[in-house]
Each structure stands twice: as structure tokens, then as C-alpha cells.
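**Student:** Below: sequence and its predicted model.
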Amino acid sequence: MGMRKVAIVGAGMTKFMRRAHETGKELSWQAAKIALDSCELTLDDIGCVVMGTAPDAFDNIHMKGDYLGDGAGAWRKPYIRGFVGGGTGVFVADQAWYHVASGLFDTCLVVAEEKMSSAMPHPQGNFITCWDMFTESPLGPSLLWFFAWEMNRYMHAHGITEREIAMVSVKNKKNAMDHPAAQLPAEITVEDVLNSEVMAWPVKRLDVSPTSDGAVALVYAAEHVAKRITDKPVWIEGVGWCLDTIYVGQRDLYYPKYVEYAARQAYDMAGIKEPSKEIDIAEPYDPFDYKELHNAEGLLLCGKGEAPKLLADGVTQRTGRQPWCPSGGALGVGNAIAATGLMKVAELFWQLRGEAGKRQVPGRPKKGVAQAWGDEMQVGSVIVLGV
Amino acid sequence: MPVEKVTQVSQTKPWYGALSSKYGEALLKTPEPGLYGQYTYGIAGERFFREIKDNAKITGAKCQKCNLIYVPPRIYCERCFEGLEEWCEIENKGEIHTYTIGWVDLDGSRLEEPVILALVKFDGVYGGIVHKVEEISADNVKIGMKVSAVFKEKREGSILDIKYFKPI
Ligand SMILES: [Zn+2]
């Protein structure tokens, strides 16, 4: 389609934590600097900057993208903030791609940041301004309700149990034990998840990812530049994103059709016909344990309602045939919303280069898909990487 | 870089080694009211909430072209993008499409009694209403259960003019 090939050539991230002393700008700078250093570039080598950060409400800073700009390396550069709520982290990875693929820029620095700890008493409350001010907000809805409605519908549609879903949390928190930047690595059991505090049934404390502060950055380069920078470029082979209706009553809660549309866009571009066989590693968005399964079905990695079976059979373990969230995901590494989406793309970058250390998926993986999801729970963003 | 690892919100300490600014709190405490939004109901919202206020009725908007009835109503169809002008009354008889049993409030504090919160859908309608369900215990609520809206006697044009939905 007349686009140039684009590679990821560098990556960096900060530790994810509950309360960072660093400001959002400082976290952004730390991640961006590590990413630039990793491929021996400086800001002078960067043509443009793409920034991802989720709701302004977390920081109570309106136009947060502008506020964060200098920390992301945007001084006197073409700069844009992409925003689709929880889908932001992978959406900005797509957005940075078209900045370079279009031929406008040879290099792009993409940075995603979130500092959720500024929101008091808890970031949960800051979602209140997201809902419809007449039909929803007067009821004082919590974000948990919306997840619980979806999880309940998913379980109801396929006869899936809380026990089957809890295994996702166990797997991802364990995977995170090998991630040096993880916030909540842990060895827990299915019983621990089932016995944890009920927040909004069927959602329990350990079904949910933590709120986090952190930042992640990647460096993109057009093919001719990438080959000068590294002998291990990781190619962006497909991108896709899609928004469904914003009204919760109008969506099929049991299945994320919009994730499927985003995935089909990315797979078509990447020439992938059978994602369940051709994808070596997947990083579906897992802010809640059921979401990994729900999103994996939307990514066409298995049929509708079949994800729990793959999980139970060990297929999605790090040593399985198709690992899901080998990073540890949002549940284990932490959920610094936009940063977590981009962390998933960074994980594919490290895995496909064979640089994931103790997390390395065996068998030289060649193709990976990462996905983020969110906004008002109607956004899917997808990227396919390959070597 | 020190990292705080906690598993319970209640165990979370303030930021390590730092001053912090409470900008929002200061804003709320100013003698003059802080910044706030004043929203209009809009054309479809006015119709929807006036029917609730005056007649205790739920209103939808119909797209003839797509054969869809929107609840809450809209003045346009999000699919074909045509304008909608046909209002219709929705029978006060819905179904619990999905529900949750809420045990925590917005800042994560435990509630004394759980609340049942449901997405209620109506036959032949695209959309639905999010609301509380009462007159039933949390153990007995089920997906597919038929429910109807219980309206307040004195209504002011709010979604809270519906007290809750109850099983029928
Ligand atoms: Zn229509």
C-alpha cells in the first residue's frame, strides 16, 4: 500500500510501582533516555515524537500531553498525543508507525506514561467523569461494575467458571517474577484468587491488576535507517484499531467484536491467515484476568469461549505452544494504563530479539501480537511484530 | 530506585520521601465555588427525561432504515447516520442482561450491604438502562430475570426518578 517498512530499534522502561516519587515528565524522560541509549541514538537523531497517556483525570492536568512533552523529548519537534483510554498504549505504537511508514519521518520516539497515584483517594473515583452525565453518573458507577457486567456475561454465554478464569491471574503474576520492572510479581494459587475480597461480583481483588505509575518508550526507524542502527531490527508488520459504540447496552458484552476488527486489519496487513497457528507469542491486554481470555478470543487466537481450555491445557504458559502475556502482563508487571499497552509491545521486541532474559520464550519466536483495550470498554488496538 | 510493593490498597503509604501538592483539595475549599460543568440534556435527553418526569415512561427513538429502537433515545442513528424523528414508548418490562453485586464504593471502602447493579434490556430495543435492582436478595438475582422500573412519586427529570428495578 505504498508504505515504507518500519522497524523498532530500541526500547526502554521504568519500574512500575504504586507511588512513584518521579513526576510523569521524569518517568517519561527515564524511559525515553533508556530507549535512546539502548540503540545509541540521541534526541538529535529523532524526527518526531508520539506520546501516549490515558485520562487527564488521573493527574488532574488538562492537556496532559502538552505537559509531558519535554519529558518525552518533544522540544522543538513535531509532536502528537494519541489517546483512546486504556487502548492508548498500543494505539500510539500504531500511530508512531504511520508517522514513519508514510515517509514523513525517518525516526520516531514513542513514549507512553501513566501516573495514577496522583488521583485521590483512589484513581477509581476519577472515572466518574467518563460516564454519561445523565443516564449513568447519577448512579455513582464504579469502573468495576462495567468489568463485572462483562465478565458475568462472558461466563454466562459459555458456561465459564470463576475458577477457570482465576488461573490467568496465577499465571501472569508468576510470569512477572522474572520481570525486573514488575510491581506485583507473586506466586499465588487459584484458591487465593477465589478467596480474595469480592469487590463487584464476579470480580474479586486478585482478578484485578494494580494501579501503577510508570513509563515505556520505543524508537522506530525506517528500513534504510534501521539497518544502519542495528543488525536485529524487529519489523512492524501489521497495525489495526477500532472503536465500537460507547453505549454499554449496545455492545455484545460476551465478545469484543471491535478487537476482532482491529485484529483483522493488522493480520491482513501482515499476511497472517491463521493467527492461532502463525502467532508465536501474544500479549493481550489483561487489566482483569478474564480480559486476557476475552481479548485473546477477539484476537482470533482461538474460537469464542475456547480460551479457558487453552489456558487449562498449558498452551498459554511461557513454555507452551503459544504463550500469552509472558511479560507478566498488567496483572503482574502492573497497570500503568498507557505505559502497560506499550510495555506489551516492548515485550514482543525483547522476546523476538532473544533479549528477554529469564522471561525468554523458548524456540526462537518469530511473530508476536500485542493488544490494548479500554476507553469506555469499546476500543481495541493491535500491532503485529515479526523478525 | 526504591519500589513499594503492596497488595492491599489500605496498606498503601504516601509517596516515599516527597512533598506532595493537594491542588484539587485547595480548589474545592475556595470560598467561591470551584470550577464545574453545567450540562444541557440535549434534544433527545430532554424528551427522555421529560417523559420520565411527567408520565413515568421510558422513551426510545426509532430508526426505520436500520429497524433499531435506541434506548436512551438519540436524534441520529449511529449506523446509517440519518436523523431520527420517531419517538416510541417502551413497555416497562425489561430483562436483566447482566448484573454485578457491588461490595465496595468509589474509593474502595467496603459497603455494609451489597448493591445489585444491572444492565436492563427491553424486548426489541437496541441499548438499555443501567440501574439498581431491589426487592430481591443478591443470592437470588439471575441473568434473564424479568424486571420493571419503580418510579418515585415526586419526579424531577433524572435517572434517579427511577428508584430501582424490581423483579416481576
Ligand atoms: Zn439507522
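**Tutor:** Yep, it's here.

**Student:** what's the distance between the nearest residue to B:Ser158 once chain neighbours are set aside and the ion?
**Tutor:** Using C-beta to C-beta, 6 or more residues apart in numbering or on different chains and skipping residues adjacent in sequence, the residue nearest B:Ser158 is A:Pro138, 6.0 Å away. Every residue, glycine included, has its C-beta placed from N, CA and C. Remark: distance between A:Pro138 and the ion (C-beta to the ion, to the nearest Å) = 28 Å.

**Student:** give me every residue that touches A:Pro138.
**Tutor:** Contacts for A:Pro138 (C-beta atoms under 8 Å, 6 or more residues apart in numbering or on different chains) come out as B:Ser158, B:Ile159, B:Leu160.

**Student:** Likewise for A:Met343?
**Tutor:** By C-beta under 8 Å, 6+ apart, A:Met343 lies in contact with A:Met13, A:Phe16, A:Gly89, A:Gly214, A:Val216, A:Ser327, A:Val333, A:Ala336.

**Student:** Same list (those) but as CSV, adding secondary structure.
**Tutor:** Below are those laid out as CSV (DSSP: H, G, I helix; E, B strand; the rest coil):
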residue, secondary structure
A:Met13, strand
A:Phe16, coil
A:Gly89, helix
A:Gly214, strand
A:Val216, strand
A:Ser327, coil
A:Val333, coil
A:Ala336, coil
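
**Student:** Closest one to A:Thr316 out of those, please.
**Tutor:** Nearest to A:Thr316 among the contacts of A:Met343 is A:Ser327, at 12.9 Å by C-beta to C-beta.

**Student:** correct me, but the closest one touches A:Met177?
**Tutor:** No: A:Ser327 lies out of contact with A:Met177 (C-beta atoms under 8 Å); the separation is 11.4 Å.

**Student:** distance of A:Trp235 from the ion?
**Tutor:** Separation of A:Trp235 from the ion (C-beta to the ion) stands at 41 Å.

**Student:** cool, and B:Met145?
**Tutor:** According to C-beta to the ion, B:Met145 and the ion sit 30 Å apart.

**Student:** Find me whatever residue is spatially closest to that residue, sequence neighbours aside.
**Tutor:** In space, and not counting its chain neighbours, B:Met145 is closest to B:Ile96: 4.6 Å by C-beta to C-beta, 6+ apart.

**Student:** That neighbour looks like it's in a helix, true?
**Tutor:** No: counting by three-state DSSP, B:Ile96 is not found in a helix; it is strand.

**Student:** On the strand side of things, show who it bridges to.
**Tutor:** Per DSSP bridges, the residues bridged to B:Ile96 are B:Val120.

**Student:** What are the neighbouring residues in contact with it?
**Tutor:** Residues near B:Ile96 by C-beta under 8 Å, 6+ apart: B:Ala118, B:Leu119, B:Val120, B:Val133, B:Val141, B:Lys142, B:Ile143, B:Gly144, B:Met145, B:Val147, B:Phe165.

**Student:** Identify those among those residues that sit within helices.
**Tutor:** Assigned to helices by DSSP state H, none of the contacts of B:Ile96 qualify.

**Student:** Just the ones in strands from those residues, please.
**Tutor:** B:Ala118, B:Leu119, B:Val120, B:Val133, B:Val147, B:Phe165 (DSSP state E).

**Student:** my guess is the second one contacts A:Trp149, does it?
**Tutor:** Yes: here B:Leu119 lies in contact with A:Trp149, judged by C-beta under 8 Å, at a distance of 5.5 Å.

**Student:** Check the gap between the closest residue to A:Ala74 other than its chain neighbours and the ion for me.
**Tutor:** Using C-beta to C-beta, 6+ apart and skipping residues adjacent in sequence, the residue nearest A:Ala74 is A:Val49, 4.3 Å away. When C-beta to the ion is the yardstick, A:Val49 and the ion sit 40 Å from each other.

**Student:** go on, A:Glu347?
**Tutor:** Distance from A:Glu347 to the ion, by C-beta to the ion: 42 Å.

**Student:** if we can go back for a sec, which of the contacts of B:Ile96 are buried, as a ChimeraX select command?
**Tutor:** Paste this into ChimeraX to select the buried members of the contacts of B:Ile96, with burial taken from 16 or more other C-beta atoms under 10 Å in any protein chain shown:
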select /B:118,119,120,133,141,143,145,147,165
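
**Student:** Which parts of chain A are helices?
**Tutor:** In chain A, the helices defined using DSSP H lie at A:24-38, A:64-68, A:88-101, A:143-158, A:162-175, A:190-195, A:223-229, A:257-270, A:275-278, A:289-298, A:307-312, A:329-332, A:337-352.

**Student:** surely A:Gly314 meets A:Pro323?
**Tutor:** No: taking contacts as C-beta under 8 Å, A:Gly314 lies outside contact range of A:Pro323: 10.2 Å.

**Student:** The two: which is more packed in?
**Tutor:** For A:Gly314 versus A:Pro323, neighbours defined as other C-beta atoms under 10 Å in any protein chain shown are more numerous around A:Pro323 (25 against 11).

**Student:** can you pull the pLDDT of the more buried one?
**Tutor:** Per-residue pLDDT puts A:Pro323 at 98.

**Student:** Next: B:Thr7.
**Tutor:** Looking at B:Thr7, its pLDDT reads 56.
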